[in-house]
Structures are given as structure tokens and as C-alpha cells.
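> model this:
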Amino acid sequence: MDIATHPREAREKLRTRAYDAVLTDMVMPDMSGLELVKFVQLHHPDTPVIVFTGFANFKDAVTAVKLGAFDYLSKPVQGEMLLHVLTRALEFRRLKRLEEEMEVLLAGAEALGWQSLELLAETPEAALLASLREACRQEKDLSQAAERVLEAAEHLLGATRSSVFLYQPGERQFIGVAARGPEAEARRRAVVPLGEGVMGQVAVSQRPLLVRDVALATGLAPGRYSYRGTSFLILPVKSSRLWGVLNVTDRRDNTPFQARELFLGWLLARLLAEYLESRQPVTPAPEAEPLVRSLLQEHLPLGLALVDRELRIVLANRTLSRLARAPAEDLIGASLPASLGLSPGDQEAVAQALRDLFRDGEPREFPILKSHRPGSSPGYLGLKLLPSLAAPGEQPALVVVEDVSEVEQLRQRLHLYEHLAIMGKLSLCVAHELNNPLDGIRRYISLAQRKKDQPEEVECYLTEALKGLQKMSLTIRSLLSSANPLKAPRTADNLLNLLQEAVKIMMFQASDHRVQVDFHPSPELKAVAVEGDLYHVFINLIKNALQAMPQGGRLLIQGGLTPQGVEISFKDTGPGLRPEEVEQIFQPFYSTKEGGEGLGLGLPICRKILERYHGTLLVESEPGAGTCVRILLPQPSTGGQGVKEQDPRRG
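Okay, here's the model as predicted:
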């Protein structure tokens, strides 16, 4: 614990290190408590500030909280009250950091999709989820499938109360379809408007919500049901669209839900979304199969192909040959997913959808997929996968491929114009917000120059100028934070750009941790084309390195081409890991963080994403010598496609 007897001393201490909490008086010489709150929020936005005052009034309390103070206490402060508030402040800070970590991990898991289940391979959780997935595929009744998911939530998450609500966009409301625990029947019949309760907030953000303690949660809309516990999970059930929400609360042992339960709940919600996505059976006419074969010979604007159970093309029309940029005779016998120039992730998604189609006979659709081949500009394809028009599962499936490049390019252009219009308005706002303090700074510096022979006057003017700079910094930081930094680029990019974007986004956290980041990539990485999912790998590795150096340090990021391929390294000056820790860090749910609060899936997710590119993740560490994490990718292919063409599912 440090004590500062003057605001100037407090600022110097805060500039040199981070603190768990700051306690300050409201009235002080040269700087008020509210100004110190601004200073802390500028340099340490995650640090809670508690303000004391002997002249309490409601206006000051509201102002302090708006500026970022955690609480506002009147003097004389009782020891029990101070201890209670300080405990809540530190818990709030801890939970906020855990939420940020989960944001990073779930972004990586989203990039993996259902492959995330492989992170739990050979665990009881994986076996239960795989069994549930298969059972739901056989279940025709929606409410029964939802009940199965809720039953699994009891086993996996320890929940005693749960429900599934489906969203009706036209009516802007949720309807209950399944529930377990107290008041289950009422929740099954409930209809909840979009603007009522926390479900609406989750539906709008479409991000999972984990509340460990309702008393510490902010901005939650009131719900209509009372719960025994103070912790709950609300998970969006989404795939290509938002289907609804999965609510889980009241753990059996009355302990808060943790990151592990959030991840398992996310998998349950994804499984339910997969089930809902596939609930549109088509009953084809058996005698129509000859008609399809004749259509393949016609000059249609749509690409058509018959695909067997091995995902090989049996027949293809001329339009598909043009879209695949390959002679029709070369397509026969080739893998359909590998023939369309799709990214590795999209190839796997189409292949899995075809396998599911042969199993359950239900159609699938991919509205927009990016297609890119060496020597040509990217295009966009829409795919419809239809079951056999004879006996489902026995005859070849019909795949309809549409060139939607022009529509997608127009959509992107419209999005760009909208973005430019917004940026124009934003620029005016920024100019207005920065102009006044900038003018004040100029005036105070001018006055300081005139009074340079009067040190006290100069210090006063420079202090006022610093206030203006702090206000400008807060404005800029607020604008930067308004974007979602963890959302990865959706399209292909070069390796250097993705790495630079990840480093840029994490620089604020590096500053908060007092970590110096040395970034020395080779320009050669710009020639290596990759997909956006590698962005999640870079974010995770940088985050892990920063968290290993809470009291500051140095992170060296290097990358370049070697005779074997691409190598990128992240070396920190943290405490390092013991040999037994290095051996276990890729095991699911294993974490080296204090108190076991980490989810222990960051590195497994990184390794799983790299497997798509035949890549490798190596960790080298010794106690007291820091940790070095290296990414090794295979030799980039010719034609500017880099590791993007190295798809481990081919062959």
C-alpha cells in the first residue's frame, strides 16, 4: 500500500505503476478528487476509485460516479463500511478482467465453430455433448430437443433452473419453449417483449452474458422472475441468424458460474442453434431425379452438381465448370468443397454440411462464401445443398452454386458509403470535442511562455494545459473503445496486416500493464495470404504475455520467412513456467493463473486454429527466464496465396 500526501505525488506514483484500487479525498490542494478520478480513468481505466468527502451532496456523488468512481463515501468513514466497499471494488475489477479474457477466448472459439468440441477430446464433457448432438439430430419435436439441452445444462453446469426462449423477429418478442426448475410451466408459456429484461440486451449484442454477482453488475434490465442465486448465464442461440436465448441460473451448490461454465454453455447454445438451423425438411419427388440429370446438360445461370457420399462430384454442368475455373472433365471425381476455391474453414463447413445432409436428408444453405484462386480476383458464391430426389442418403445430393459476386460487391460498396457517411459525422463530432480544449492548451502555453520568469505562474498554466490534454486523450480513447477490437477481419488478408492489427489493438492493455512492446516483423510477411481466423491466435498470445507481466516488462514480437516456412515469435520477460506447467498448458481447462480463474482454453484454441494451416505452436519457458511462444507455418505456396492454400483436410 502506498500513501501520497499531495495530488502531485499521487500522479507521479500512478504514472510509474499500477494499483489495485485508489482511495482519494474530494477536497485537496491544486487538484480535486474528481480531477484525480479523471486522471486514474485516463491512465488506468480498470482501477476502481473510491472518493471520500466531508461535505456530501447528491450532485457531487452523481458526478463522481459518472466520471468513473466506483463509490462515494461520506466522512467519517467507518472501518467496516470501507472494508466492504473496498472488497466490492476489488471483486468488480477482477470480474471485469475475467470478462475481457472471456471475450478473447470466445472470439477464438467462434472462429473454430463446432470444432471447439475437439478441444475437450476424451473428456466426460465432450462425450456428453457428442451424445446430445446425435440425440438432437434424431429428435423431431423442438420442445423435446430443447428439454434435452436443458437436462445437459444440469449435468454440465450444475444449474437447477434453466429455460429456452425462441425469438420472433416479426413480433419482436421471445416465446418460451422449454424450462426446468421452479416456475417451469409458467416460463414455458411466457411471452417476453424484446425490450423487457436482460434477454433483450443479449439479443441485441448477440454476445454471451455471464453475471457472477448481480450486486456488482451494472446496466442490467430488471427481470420478471426471482432467483435463489445471484449468478446467471444468458447465451444467444445463433448461427446464420439469432434463434433465441438459453437462460441458466441457480447453481446446485449456490456458487457463481465461472468461465468454464460459460464455455460449456456456449457449446450447448451452439448445438441448439445447429438443430434449429436444420429443421426445414424437404420432401422431394422420387421421380424427379432424371430431370435433374437433364438439367445438368442445359445452359443454366446456376452451377449444378451431383455429389456422392464421399463428397466427390459425379456430374457437373458447364456453369459450375466456369465458376470453379476448371474443365468439366477435371471436376468429375474431385472433392466439391476443395474445387470451389473456398477458405479452409469454409471448406470444412461445407463438407460437414454435406455429411449431415446425407445423414438426415435436410437441406442446408450458405448465402455467401468467398472464393479466391491464384491469379484472379476474389469472388463470392452462394450454395444450396439439397437431398437426393430419389431415396435420401442413397443417391447423390444436388448442390446448387450461384455467383453472387456482383450483389456482394454492391453490398460492400453500400456498406463502405454508409461507413464513410458515419465517419464524416464522427469527424465533425471529434473536431468539435477537440477544438475547445486545444484552443485552451494553446492559450495556456502562450501564457506560460510570457511568464517564464515566474515559475509558480508557469506551473499553474502548464497544469491547466495538461488538463486539456487529458480531456482530449479521454475523448480519443472513448472513440477507439467504441469499436469491438476483438472482432476478427472476415476476409482474407496478408499475415503482416493481421499481426499489425492485433498488436495495435492490444497496445492499450500493454500500456496499462507497463509493458514495452518491441515489434520487428519482416516485410516479407506481407506476401503471405491468410484467413482472418489467425487474428484470434495473435490476440490470445499477446494477451497471455501481458498477463504474465502484471508489474511491467518487455514483449518482443518477431516474424519472418525461413527455409522451412513462416515463423512468428512472442517472447516475454515474465516469471516463466515450470517444466510440469509447460507439459500441461495445452490440456483443456488447465490454467496457470492464480486461483484457477482462467478458463485454460486460450492455447488449445490457438493450436486448433493453426492446425487448419498445418501450423505448429511451440512453447519454450524456464522459471525466471520468461516465455517464448513460436508459431510455425508451412512454406507459402506460389501465386501469392501463402499458407492459405495449405488445407489439412485435403487429400
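
> mean confidence for the helix or strand harbouring residue 358?
Assigned by DSSP states H and E, residue 358 falls within helix 344-360. For helix 344-360, the mean pLDDT works out to 86.

> now do the buried residues in it.
Buried residues in helix 344-360, counted by 16 or more other Cβ atoms under 10 Å: 344-354, 356-358. In this view, the C-beta of every residue, glycine as well, is placed from N, C-alpha and C.

> and which of those is nearest to residue 548?
Proximity of these to residue 548 (Cβ to Cβ) peaks at residue 345, which lies at 29.5 Å.

> how far away is the closest one from residue 457?
To residue 457, residue 345 is 63 Å away according to Cβ to Cβ, to the nearest Å.

> so what pLDDT did the residue lying farthest from the centre of the chain get?
What lies farthest from the middle of the chain is residue 453; by Cα atoms, centre = their mean that is 54.9 Å. Among the per-residue scores, residue 453 shows a pLDDT of 82.

> so it: helix, strand or coil?
Using DSSP: H, G, I helix; E, B strand; the rest coil, the structure places residue 453 in coil.

> residue 399 bridge partners, please.
Beta bridges link residue 399 to residue 305, residue 385, judged by DSSP bridges.

> distance to residue 334 for the buried residues of helix 344-360 - can I get that in TSV?
Output for the buried residues of helix 344-360, formatted as TSV (distance: Cβ to Cβ, whole Å):
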residue	distance to residue 334
344	17
345	20
346	17
347	13
348	17
349	18
350	14
351	13
352	18
353	18
354	14
356	21
357	18
358	18
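
> what is the nearest of the residues you listed to residue 612?
Closest approach between the buried residues of helix 344-360 and residue 612, by Cβ to Cβ: residue 344, at 4.6 Å.

> just to revisit the earlier point, please name every helix or strand in contact with the helix holding residue 358.
helix 124-138, helix 336-339, strand 364-371, strand 379-386, strand 397-403 (3 or more Cβ pairs under 8 Å, 6 or more residues apart in numbering; DSSP states H and E).

> now do the second one: which elements does it pack against?
Yep, that's helix 336-339 we're talking about. Here helix 336-339 touches helix 344-360, going by 3+ Cβ pairs under 8 Å, 6+ apart.

> do the fourth one as well
Packing partners of strand 379-386 (3+ Cβ pairs under 8 Å, 6+ apart): helix 344-360, strand 364-371, strand 397-403, helix 405-450.

> can I see the domain layout of this structure?
7-77, 122-277, 286-403, 486-651 (automatic domain parsing).

> hang on, the earlier thing: so which of the helices and strands packed on helix 344-360 gets nearest residue 557?
Per Cβ to Cβ, nearest to residue 557 of the helices and strands packed on helix 344-360: strand 364-371, 28.2 Å.

> can you point out the buried residues in that closest one?
364, 366, 369, 370, 371.

> now do it, average pLDDT.
For strand 364-371, the per-residue pLDDT averages 86.

> swap in stretch 151-158?
91.

> so for that stretch, what gets flagged as buried?
For stretch 151-158, by 16+ other Cβ under 10 Å, it's 152, 153, 154, 156, 157, 158.

> for the third one, give its distance to residue 182.
Put plainly, it is residue 154. Computed with Cβ to Cβ, the distance linking residue 154 and residue 182 is 14 Å.

> before we move on, what about the fourth one?
As for residue 156, its distance to residue 182 is 20 Å (criterion: Cβ to Cβ).

> ok, the second one next?
To residue 182, residue 153 is 15 Å away according to Cβ to Cβ.

> how about the helices in the stretch 551-651 of the chain?
Under the criterion DSSP state H, counting those that start in this stretch, the stretch 551-651 of the chain contains helices at 579-584, 602-611.

> for the ones you listed, give me TSV that also has mean pLDDT.
Putting the helices of the stretch 551-651 of the chain into TSV (pLDDT from 0 to 100) gives the following:
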stretch	mean pLDDT
helix 579-584	84
helix 602-611	82
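
> deepest-packed of those, please.
Most buried of those, by mean neighbour count (mean count of other Cβ atoms under 10 Å): helix 602-611, with a mean of 22.

> packing partners for it?
Helix 602-611 is packed against helix 79-112, helix 534-547, strand 616-621, with contacts defined by 3+ Cβ pairs under 8 Å, 6+ apart.

> on that earlier part again, can you list the helices of the stretch 551-651 of the chain in TSV and add distance to residue 3?
Shown next, in TSV, are the helices of the stretch 551-651 of the chain (distance: least, Cβ to Cβ, whole Å):
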stretch	distance to residue 3
helix 579-584	37
helix 602-611	37
